[in-house]
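Chemist: My questions are about this predicted structure, shown below with the sequence.
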Amino acid sequence: MTHHGPPDASRAPRYTGIRTFARLPHVRNPEAVDIAVVGIPFDTATSYRSGARFGPAAIRDGSTLLRPWHPPLEVDVFAAQSAVDWGDIEITPGNAAKTMDQIAAGLGELLAQEIIPVVLGGDHSIALGELRAHANAAGEPVALVLLDAHADTWDEYYGEKIFHGTPFRRAVEEGVLDPHRSVLAGMRGPLYAAADMEVPREMGFDLIPGDELRATAPAEFGTRVHERVGDGPVVLGFDIDVLDPAFAPGTGTPEVAGLFPHEAFAFLRSLAGMHFRGFDIVEVSPPYDGPAQGTAMLAANIAYEFLALSALARLA
Ligand code: MN
Ligand code: MN
C-alpha cells in the first residue's frame, strides 16, 4: 500500500530536491493520502502590511529541518499518516469573494476524500473559504480553536466585507462556524473602543485575552478548550501574530508583547487527544521577516505541531 512521506535524509541531504513542505512528495492524487499540506497564497485582503501571498513558499523553505520524531508528544509524525504537499490552491489576487469560492472548492476536494488539510496562508481572510469547506463536508457548523492577537470579528474594512479582520463574523453569519463551541485566544494590543473585546463574546465566542492566556497553565487551557469544543467537528487556526514580533516580525499587523514560541507550543501540545478536521497557519509575510527567516521557521514548526496532533489522533 502506498504511504507518502519524506525521503531518507541520511541519503539525500536536507537542502536537496525541489522545495516542498518537510520534503514531502508533491502529490495531487488523493488516493492513499491522509493529510495534505496546502498553500493558499492570497493576501489582497490585508489592511496594513501585505506580502502573505509569499507565505506558503517561505514556510516550505523554513521546513527542511523537520524530522519525523516529535519528542514532547512521542510520535513519529510521518509513520503514523501518509502525508503529502498538495501544492497551492488557485486564488484570484484582488478578488476576495471569488477566492473564497476557489478555496471552498479546492479544500472540498480533499475533505470529500477525508484528507486533513494543513493550510499555509495567506492572509486571514482565507479562513472563511476554509470554514465553508469544512461545514459543507461536516454537514453542520464547525468549531474553531484560534490563537491570534486579534479576534477577526470586525464587520467591514473600507466597506469591504471579506477582509482579513472579518472572517469569523462572516462565518458565523453564514452558519458555517459555531461560536458557542469555539475559543479565540491571545487577543491583545490597542483597540478602537472599550467595548471591542466584548463584541466577539456577544457573538457567542469564548475569548481569552493575551494576558489571561499567558497566566493560564497549558493543561488548564487544554481542558477549557476540550470541554468547550466537545465531540463535534473542529478546526485549529494559528495566526502567526499571536507570537511576539521579536520572534515573528514577518507578519501583516504585528502587536507587541505576544507569546513566546515555547508558550505557544505548550498551548498547542495541550490539545493532544483532540481530533481536528483541519488546520491553518496564516499571516506570514516573508518581506518583513528577519535575515535568518525566523518567522518562516516558526510557522513551519507550528505546522509540524499540527501534523503531530493529527498523527496522535490517528493512533488513538
Ligand atoms: Mn488573524
Ligand atoms: Mn492577527
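Modeler: Nice, thanks for sending it over. Note that the structure is predicted; figures quoted are calculated from it, not measured. Ligands and ions are numbered 1, 2, ... in the order given.

Chemist: any residue of stretch 121-136 up close to ligand 2?
Modeler: No. For stretch 121-136, no contact with ligand 2 is found by CB under 5 Å from the ion; the gap never falls below 6.4 Å. Heads up, the C-betas are built off the backbone N, CA and C, glycines and all.

Chemist: ok, and for that stretch, which residues are buried?
Modeler: Taking 16 or more other CB atoms under 10 Å as the neighbour-count basis, stretch 121-136 is seen to contain the buried residues 121-136.

Chemist: How about stretch 243-262?
Modeler: 243-245, 247-255, 258-259, 261.

Chemist: Which ones among the buried residues of stretch 121-136 map onto helices?
Modeler: Counting by DSSP state H, the buried residues of stretch 121-136 place 126-136 in helices.

Chemist: pLDDT below threshold where in the stretch 151-300 of the chain?
Modeler: For the stretch 151-300 of the chain, no stretch has pLDDT under 70.

Chemist: Centre of this structure to the edge, which residue is at the far end?
Modeler: Distance from the centre of the chain peaks at Arg11, with 31.7 Å (CA atoms, centre = their mean).

Chemist: tell me which element that one falls in.
Modeler: Using DSSP states H and E, Arg11 sits in no helix or strand.

Chemist: and what of the one 4 residues further on?
Modeler: Assignment of secondary structure by DSSP H and E places Tyr15 within no helix or strand.

Chemist: Count the residues that sit near the nearest residue to it once chain neighbours are set aside.
Modeler: Closest residue to Tyr15 apart from its sequence neighbours, by CB to CB, 6 or more residues apart in numbering: Thr64 at 6.1 Å. The number of residues packed near Thr64 is 20, by other CB atoms under 10 Å.

Chemist: looking at this, Val145 is in a strand?
Modeler: Yes. The assignment for Val145 is a strand, going by DSSP: H, G, I helix; E, B strand; the rest coil.

Chemist: just checking, it touches Ser270?
Modeler: No. Judged on CB atoms under 8 Å, Val145 makes no contact with Ser270 at a distance of 10.6 Å.

Chemist: Mind listing the shared neighbours of the two?
Modeler: Overlap of the contact sets of Val145 and Ser270 (by CB atoms under 8 Å, 6 or more residues apart in numbering) consists of Val225.
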